[in-house]
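K.L.:
Take a look and give me a structure for this.
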Amino acid sequence: MTDVTAPKPPPFSIRLADWRLDRLAIQCIREEVFIRELHIPPGLEWDGRDSSAIHLLAEDSEGQPIGTARMLPEGHIGRMAILPSWRRSGVGSALMEALLEIAAQRHLGSVFLQAQQIVTPFYQGIGFEPEGPVYMEEGIPYQLMARPLDSEPLSETAYREPHYRVDESLELIDRGILGETRDAIPLHSREAFRTACLSLARQARRSIRIFSHDLDASIYDNKSLVNELKRLATRNPDPSIFILLQSNEKVQREGHGVVTLAARLPSKIQIFRPLAESRREPTDSFMLADDIAFVYRKWHTRFDGRVEFYNLSRARELVNAFQELWNESEEDIALRRLSI
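P.N.:
Here you go, the predicted structure:
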């Protein structure tokens with residue numbers, strides 16, 4: 001008998017977002033869906049109300065953003081955007097149910113939204129009813145819809161509160177002093193990793209070593225970090241920044257600020273790749289500062305790890321592991337040519 005069971009949708013999760021910290025991820029999704037795909041004018045999309053709204057982020061199993069939605073203080077739900085490859089996977093329903101759960105917890109009597117007419121059946125299926133006539137905005141028909149909130153429990157969703165407090169991690173990182181702070185600080189978000197790497201780069205005086213799968217652009221390709229690497233490289237007479245890449249495909253395809261800097265300072269910044277016969281399947285990644293402090297990521301596909309501003313024994317282990325691979329590597333000529 002032929003198995004006609006529908007394929008199980010890929011795993012994802014919904015979390016409460018912080019506009020200050022997750023702003024870039026939210027904006028990227030909304031720009032792709034609303035501005036590029038639906039041709040919504042930027043002036044309408046960025047209405048100045050995001051800083052006061054509740055935002056949710058949907059993420060895939062590797063922590064990559066795939067969808068978002070927001071709710072304003074008065075219960076106005078909107079800006080729901082799902083990347084095309086994740087539509088019809090239950091992400092929209094999970095985002096909506098999570099917002100309804102939050103609205104109920106905040107004792108809002110009802111919520112409302114302005115739905116494009118083409119998707120009103122979706123909202124009717126989760127309890128929203130049309131209010132008033134269809135109206136046009138920028139050539140697109142819209143329908144005002146509302147849903148009263150009651151005490152009935154909502155169905156179980158993929159929504160979860162973050163198991164960490166991003167603000168606490170960032171505050172601890174900001175107080176960290178290279179060579180002095182001994183407490184390990186857990187990192188569980190893209191923003192925390194980016195902030196930790198920037199903090200170490202700012203305080204480094206002698207060297208930076210980076211071992212990475214593909215030099216994750218969300219962490220390393222930002223103007224602030226590139227400027228700090230440039231400062232360190234130009235103040236030292238000898239090479240001071242050493243980068244080991246497992247894969248250069250993404251960097252070649254999309255470009256990278258650190259690679260561009262390395263091309264300008266080839267005697268100070270070296271980018272190597274392990275020889276084919278010595279390459280191992282990448283799992284972890286790390287950045288070392290002055291060989292005494294480090295940011296460590298357990299899996300290069302997840303934002304889970306720690307930063308330590310002073311741990312000589314563990315840093316020495318990472319230096320040895322780095323040097324062992326470095327000795328079995330060669331300069332990445334492809335990246336050098338790419339930046340010329």
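K.L.:
Skip the chain neighbours and tell me the closest residue to residue 132.
P.N.:
Leaving aside its chain neighbours, residue 132 sits nearest to residue 144 (5.3 Å; criterion: C-beta to C-beta, 6 or more residues apart in numbering). (Glycine included, C-beta is placed from N, CA and C.)
K.L.:
Relative to residue 103, how far out is that neighbour?
P.N.:
Residue 144 is 17 Å from residue 103, where distance means C-beta to C-beta, to the nearest Å.
K.L.:
which one of the two has more residues nearby?
P.N.:
residue 103 (20 against 16; other C-beta atoms under 10 Å).
K.L.:
can I assume the more buried one is in contact with residue 71?
P.N.:
Yes: Residue 103 lies in contact with residue 71 (C-beta atoms under 8 Å); the separation is 6.6 Å.
K.L.:
Can you get me a residue count around residue 334?
P.N.:
Residue 334: 13 neighbours (other C-beta under 10 Å).
K.L.:
mind listing the helices for the stretch 1-150 of the chain?
P.N.:
For the stretch 1-150 of the chain, helices defined by DSSP state H, counting those that start in this stretch occupy the ranges 19-30, 42-45, 91-105, 120-124.
K.L.:
and residue 299, which of these is closest to it?
P.N.:
Nearest to residue 299 among those is helix 19-30; the distance by C-beta to C-beta comes to 19.3 Å.
K.L.:
got a list of contacts for that closest one?
P.N.:
17, 45, 50-51, 53, 55, 57, 65-68, 79, 81, 83, 166, 170, 189-191 (C-beta atoms under 8 Å, 6 or more residues apart in numbering).
K.L.:
Are any of those buried, and if so which?
P.N.:
With burial judged by 16 or more other C-beta atoms under 10 Å, the buried subset of the contacts of helix 19-30 is 17, 45, 50, 53, 55, 57, 65-68, 79, 81, 83, 166, 170, 189-191.
K.L.:
quick revisit: can you check what pLDDT the model gives the residue nearest to residue 132?
P.N.:
Per-residue confidence at residue 144 stands at 91 (pLDDT).
K.L.:
which neighbours do residue 103 and residue 71 share?
P.N.:
residue 111.
K.L.:
Distance from the chain centre to stretch 177-190, please.
P.N.:
Put simply, stretch 177-190 sits 19 Å off its chain's centre (C-alpha atoms, centre = their mean, to the nearest Å).
K.L.:
Could you do stretch 89-98 as well?
P.N.:
20 Å.
K.L.:
ok, and for it, which residues are buried?
P.N.:
Those would be 89, 90, 91, 92, 94, 95, 96, 97, 98, for stretch 89-98 by 16+ other C-beta under 10 Å.
K.L.:
do stretch 68-86 as well
P.N.:
Buried, per 16+ other C-beta under 10 Å, within stretch 68-86: 68-72, 75, 77-83, 86.
K.L.:
Same check on stretch 291-301?
P.N.:
291, 292, 293, 294, 295, 296, 297, 300, 301.
K.L.:
same deal with stretch 265-279?
P.N.:
265, 268, 269, 270, 271, 272, 273, 274.
K.L.:
so which of these comes closest to residue 305?
P.N.:
Nearest member of these to residue 305, counting by C-beta to C-beta, is residue 274, at 21.4 Å.
K.L.:
For the closest one, list the residues it contacts.
P.N.:
244, 246, 280, 325, 328, 329.
K.L.:
quick one: which of those residues has the most company?
P.N.:
residue 244 (21 neighbours).
K.L.:
you'd agree that residue is in a strand?
P.N.:
Yes: assigned with DSSP: H, G, I helix; E, B strand; the rest coil, residue 244 falls within a strand.
K.L.:
per-residue pLDDT, the nearest residue to it once chain neighbours are set aside?
P.N.:
Leaving aside its sequence neighbours, residue 244 sits nearest to residue 211 (C-beta to C-beta, 6+ apart; 4.7 Å). Per-residue pLDDT puts residue 211 at 96.
K.L.:
Would you mind measuring from residue 211 to residue 172?
P.N.:
From residue 211 to residue 172 the distance is 24 Å (C-beta to C-beta).
K.L.:
same question, residue 56
P.N.:
In terms of C-beta to C-beta, residue 56 sits 25 Å off from residue 172.
K.L.:
Neighbour count for these two, which is higher?
P.N.:
Each of residue 56 and residue 172 has its neighbours counted (other C-beta under 10 Å); residue 56 has more, 23 against 19.
K.L.:
and the more buried one, what are its bridge partners?
P.N.:
Residues in a beta bridge with residue 56, per DSSP bridges, are residue 16, residue 69.
K.L.:
is it true that it touches residue 16?
P.N.:
Yes: counting by C-beta under 8 Å, residue 16 is a contact partner of residue 56 at 6.4 Å.
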